[in-house]
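In: Next input, structure requested:
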Amino acid sequence: MGPRLLTLDETTLRRRTSIKWRQYAPDVLPLWIAEMDVMPSPAVVEELSRIARDGDTGYPVNAAYMEAVAAFYAEHGAAVDPALTRPVADVMTGMRAAMCALTRPGDPVYITVPVYPPFHSTVLESQRRLVTVPLGPTGRLDPAALDEAMGREGRGALLLANPHNPTGTVPTPDELRAVAQVADRHGVGVVCDEVHAPLVLPGATWTPALALPETQSWLAVFSAAKGWNLPGVKAAGIVSGSAAGDVVAALPDGLPYGTSHLAVRLHTVALEQDRDWLADLIADLDANRALLARLLAERLPAATWRPVEATYLAWLDLRALDLGPDPARHLATTAKVALMSGLPFGAGEGHARLNFATSPELLTEAVDRVAAATG
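Out: I've put the predicted structure just below:
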């Protein structure tokens with residue numbers, strides 16, 4: 001069976017005006033930023049049409065979105081009290097607010113590298129002290145490394161990505177428990193970015209940050225933006241464990257004012273109505289994950305990676321190609337393929353991130369171009 005959703009051809013995609021398709025020249029295939037080459041889900045299309053027909057472009061009512069988010073968590077084993085949630089403009093707004101509620105200027109904030117570049121910038125822009133802690137050799141959380149760093153630096157906050165971006169790993173319950181024990185020992189608060197939770201692929205199971213007794217003092221931030229390809233209509237929610245009430249009370253009162261009515265409505269209907277669409281997407285991403293593994297093995301064996309457990313983002317080790325510290329910059333010129341530079345993720349020299357949420361044809365062409373340019 002062929003793809004169900006990842007079927008759009010390049011001509012159709014180049015009509016889009018988002019940054020993915022306008023950042024580079026028309027002869028460059030863009031497989032860089034986290035935006036999928038799919039049409040919106042049916043319920044999202046219908047709700048968007050209804051909003052336009054009704055002129056429903058006023059101020060948001062956020063409660064239904066937070067209830068839909070809480071229901072999503074309940075499906076995955078985490079009891080989230082809607083009273084301990086806060087709607088926010090987007091995921092990083094929520095991450096920053098939660099981090100600032102847990103820390104003061106000058107406090108250490110730990111991130112596990114390589115990790116999503118805005119983790120780095122939001123810590124520095126908030127006048128906190130950035131402490132980078134390497135992931136383990138297989139791209140997974142390393143509680144021993146966190147223990148060493150926290151023991152050296154002291155209290156503060158830890159920012160996690162669950163699932164992880166860019167390595168695509170999904171922390172196990174035991175890994176989350178181990179991190180919780182380390183954080184508790186050193187008095188460190190924890191905030192998880194869980195935006196990729198809907199995109200866990202076959203073979204892995206997502207454990208929400210708040211699903212365990214040991215993590216009830218943690219906070220997490222969730223959005224439907226990644227799962228339903230809605231990054232241009234931003235909304236998110238801070239969700240909290242049962243023992244995090246004091247931290248929730250410390251969040252700024254004005255956070256809900258940043259949400260968009262359009263985004264809240266589209267995210268809510270996606271969560272409530274479009275799970276069949278999501279299942280089709282997961283099947284396509286699973287097929288593309290296998291296709292990328294075959295393509296790299298056959299046509300670009302010098303590029304190594306660990307097939308992801310979640311997301312549609314492949315973290316490629318390209319050091320054997322001898323393209324310098326930033327191979328993405330080199331390949332955009334020589335291969336006419338745009339990948340995300342590994343450098344802003346931290347610990348990313350010689351690496352690049354590839355977005356495989358595209359048609360099998362475009363994915364194949366991209367790998368062929370890189371192979372031809374480096375062979």
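In: Following the chain onward from the lengthiest helix in the chain, which element is next?
Out: Across the chain, the longest stretch assigned as helix under DSSP state H is helix 275-299. For helix 275-299, the succeeding helix or strand toward the C-terminus, using DSSP states H and E, is strand 313-317.
In: Helix or strand next in line after that next one, which one?
Out: helix 327-334.
In: neighbouring contacts of that next one?
Out: Residues outside helix 327-334 that contact it (Cβ atoms under 8 Å, 6 or more residues apart in numbering) are 24, 28, 32, 318, 321, 323-324, 337-342, 350-352, 370, 373-374. Any C-beta I mention is one placed from the backbone N, CA and C, and that applies to glycine too.
In: Rounded mean pLDDT for the following helix or strand past it, please.
Out: Next helix or strand after helix 327-334 toward the C-terminus (DSSP H and E): strand 337-338. Mean pLDDT, strand 337-338: 98.
In: Can you name every helix or strand that strand 337-338 contacts?
Out: Using 3 or more Cβ pairs under 8 Å, 6 or more residues apart in numbering; DSSP states H and E as the contact test, the elements touching strand 337-338 are strand 29-30, helix 327-334, helix 360-374.
In: Please indicate which of the ones you listed has the most neighbours on average?
Out: Of all the helices and strands packed on strand 337-338, strand 29-30 has the most neighbours on average by mean count of other Cβ atoms under 10 Å, namely a mean of 22.
In: Report the angle between whatever helix or strand comes next after it and helix 275-299.
Out: Per DSSP H and E, strand 29-30 leads on to helix 42-54 as the next helix or strand towards the C-terminus. For helix 42-54 against helix 275-299, the angle by axes from the mean of the first three to the mean of the last three Cα atoms, to 10 degrees is 120 degrees.
In: how far does the very next helix or strand once past helix 42-54 sit from the chain's center?
Out: Toward the C-terminus, helix 42-54 is succeeded by helix 63-75 as the next helix or strand (DSSP H and E). On the basis of Cα atoms, centre = their mean, to the nearest Å, helix 63-75 sits 19 Å off its chain's mean C-alpha point.
In: Residues contacting stretch 176-191, please?
Out: 95, 98-99, 102-103, 110, 141, 143, 146-147, 150-151, 154-160, 162, 171, 207, 209, 212, 214-215, 217-221, 247.
In: Derive a PyMOL selection command for the buried subset of the residues you listed.
Out: Of these, the buried ones go into a single PyMOL selection, burial set by 16 or more other Cβ atoms under 10 Å:
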select buried, resi 95+98+99+102+103+110+141+143+146+147+150+156+157+158+159+160+162+171+207+209+212+214+215+217+218+219+220+221+247
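In: Count the residues that sit near the closest residue to Arg129 other than its chain neighbours.
Out: Ranked by Cβ to Cβ, 6 or more residues apart in numbering and with sequence neighbours excluded, the top spatial neighbour of Arg129 is Pro108, at 4.8 Å. Number of residues near Pro108 (other Cβ atoms under 10 Å) recorded here: 21.
In: Could you double-check that Pro108 lies in contact with Leu158?
Out: No - counting by Cβ atoms under 8 Å, Pro108 does not reach Leu158; the two are 9.4 Å apart.
In: re the thing from before, between the helices and strands packed on strand 337-338, which gets nearest to Leu8?
Out: The closest of the helices and strands packed on strand 337-338 to Leu8 is helix 360-374. By Cβ to Cβ, the value is 8.6 Å.
In: For Pro158, identify the helix or strand it belongs to.
Out: If you look again at residue 158, you'll see it is Leu, not Pro. Per DSSP H and E: strand 156-161 holds Leu158.
In: from the chain's centre, how far out does the helix or strand just after that strand sit?
Out: Scanning forward in sequence from strand 156-161 by DSSP H and E, the next helix or strand is helix 173-186. When distances are taken as Cα atoms, centre = their mean, helix 173-186 is centred 22 Å away from the chain's centroid.
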